[in-house]
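Colleague: Whatever this is, show me its structure:
(2 chains)
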Amino acid sequence: MKAWNNGQLRELSAEEVAVVNTERKAWEDKSVERKLTRIKNIRKQKLMETDYLANSDVTMPDNIKTWRQSLRDIPSNHTDEDAYDLLLAKDSDGNLTHTIWEKP
Amino acid sequence: MSKTTIPTGGIADDAVENTKLDLTSDYAFSGTITGDNNNLVKISQSSISAGSSVAAIEFSNIFSSTYDTYFVNYSKIRLTAEGGLRMRFYSDTGTTELSGAYYYWALYGRDVNSADEVNNENGGNQFTLTGTLDYDNPGDSGASGHLYIYNPLANDSLSVIANGQSGYRNNGNVYSANNFSGKYSGSSPRYGFKLYGSSGNIELADVTVYGVKT
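Modeller: Numbering: from 1, shown residues only, chains lettered A, B, ... in the order given. This next block holds a predicted model:
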């Protein structure tokens, strides 16, 4: 393993390589946690898009209520990394493909 | 006796490469600019070309008493794996890393997955300058941005970092953008720093460090 030091390539010592590998593993170990955080951020944005329907002078349609509840239930209904990957899947244009994100 | 003007006939016919000085030609200047016009000086530059792969880009023994502020411009950074761009200081003129829990920072951005990325640490072991990046395709722009480092050598002062970054991933047609600020609150002076990925190597990058006189 090498590093670029002040314009010169240098070989990392065994001790330095061990530190790098430990830190990278710590990052990898939190992969699932990061995916769930990402999903929650997307969910938050989706909920915010229809928050105005909760105002007292507006009636929220039942299908929107159902959809919003399904978004809130994501953590309890999708509990492993495979499920997270499906929720985060995108098409070639970068659009999320899971139907749960589609506003009715 | 010092001269501030060139007198008539002051430049000999063979002054440059045995020809008269041609004002339309290019000449390499290898001297040091002194005086009042050195407020922004390029100190070091590292470029990682496509096909190369390194664990980190290191700038050791880069900070000196000559400057209080350093401006770092980076462009086209690509990591070999999905991850964030990180930074850590050195405690000496070598590459001894300051990895104690003295890094305080906050980040708000939009990551390459088109999701908001909000992150912070109150006493982390490094700065994480960006959200998740995934630029490993030939058509990707990589991550470009800049950061300022203030007072790195002062042991009674904080090194405050400000960073802005943006990038574009061709696959999926998505942009990322991040704003970051942070401080290093440890008491020991910082003599240098390194940039690295939270995962994977750096396979493409161009990083330039400038000293700024304030």
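
Colleague: Buried residues in the helix or strand of chain A with the lowest mean pLDDT, which are they?
Modeller: None of the helices or strands of chain A scores lower by mean pLDDT, DSSP states H and E than helix A:31-49, at a mean of 90. For helix A:31-49, a neighbour-count test (16 or more other Cβ atoms under 10 Å in any protein chain shown) marks A:Arg34, A:Lys35, A:Leu36, A:Thr37, A:Arg38, A:Ile39, A:Asn41, A:Ile42, A:Arg43, A:Lys46 as buried. In short, each C-beta sits where N, CA and C put it, glycine included.

Colleague: Hmm, the last one is touching A:Glu102, no?
Modeller: No: taking Cβ atoms under 8 Å as the definition, A:Lys46 is not a contact partner of A:Glu102, at 9.6 Å.

Colleague: residues touching the residue nearest the centre of chain B, list them.
Modeller: Centroid-nearest residue in chain B, with Cα atoms, centre = their mean: B:Val72, separated by 2.9 Å. Taking Cβ atoms under 8 Å, 6 or more residues apart in numbering or on different chains, we find B:Val72 in contact with B:His146, B:Leu147, B:Tyr148, B:Ile149, B:Val207, B:Thr208, B:Val209, B:Tyr210.

Colleague: how does it look with 6 Å?
Modeller: B:Val72 makes contact with B:Leu147, B:Val209, according to Cβ atoms under 6 Å, 6 or more residues apart in numbering or on different chains.

Colleague: Paired strands for the helix or strand where it lies, with orientation please.
Modeller: Using DSSP states H and E, B:Val72 sits within strand B:69-79. According to DSSP bridges, strand B:69-79 forms sheet pairs with strand B:142-150 (antiparallel), strand B:202-212 (antiparallel).

Colleague: want to throw the ones you listed into JSON lines with mean pLDDT?
Modeller: Below are the strands paired with strand B:69-79 laid out as JSON lines (pLDDT from 0 to 100):
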{"stretch": "strand B:142-150", "mean pLDDT": "88"}
{"stretch": "strand B:202-212", "mean pLDDT": "93"}
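
Colleague: Turn these into CSV, including mean neighbour count and distance to B:Thr66.
Modeller: Output for these, formatted as CSV (neighbours: other Cβ atoms under 10 Å in any protein chain shown; distance: least, Cβ to Cβ, whole Å):
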stretch, mean neighbour count, distance to B:Thr66
strand B:142-150, 20, 14
strand B:202-212, 20, 6
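
Colleague: Reformat those as CSV; add distance to B:Leu107.
Modeller: CSV is the format used below for these (distance: least, Cβ to Cβ, whole Å):
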stretch, distance to B:Leu107
strand B:142-150, 12
strand B:202-212, 19
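
Colleague: count of residues packed around residue 26?
Modeller: In the absence of a named chain, this looks at chain A. By the criterion of other Cβ atoms under 10 Å in any protein chain shown, A:Ala26 has 12 neighbours.

Colleague: other chain: chain B
Modeller: 6.

Colleague: got the buried residues of helix A:31-49 as CSV, with distance to A:Asn63 columns?
Modeller: Converted to CSV, the buried residues of helix A:31-49 look like this (distance: Cβ to Cβ, whole Å):
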residue, distance to A:Asn63
A:Arg34, 32
A:Lys35, 28
A:Leu36, 26
A:Thr37, 28
A:Arg38, 26
A:Ile39, 22
A:Asn41, 24
A:Ile42, 20
A:Arg43, 17
A:Lys46, 14
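
Colleague: Do a quick rundown of the strands in the chain.
Modeller: No chain specified, so I'll use chain A. A:2-5, A:8-11 (DSSP state E).

Colleague: The intended chain is chain B.
Modeller: With DSSP E as the criterion, chain B has strands spanning B:40-48, B:56-59, B:69-79, B:85-90, B:103-110, B:116-124, B:127-128, B:142-150, B:159-169, B:174-184, B:192-197, B:202-212.
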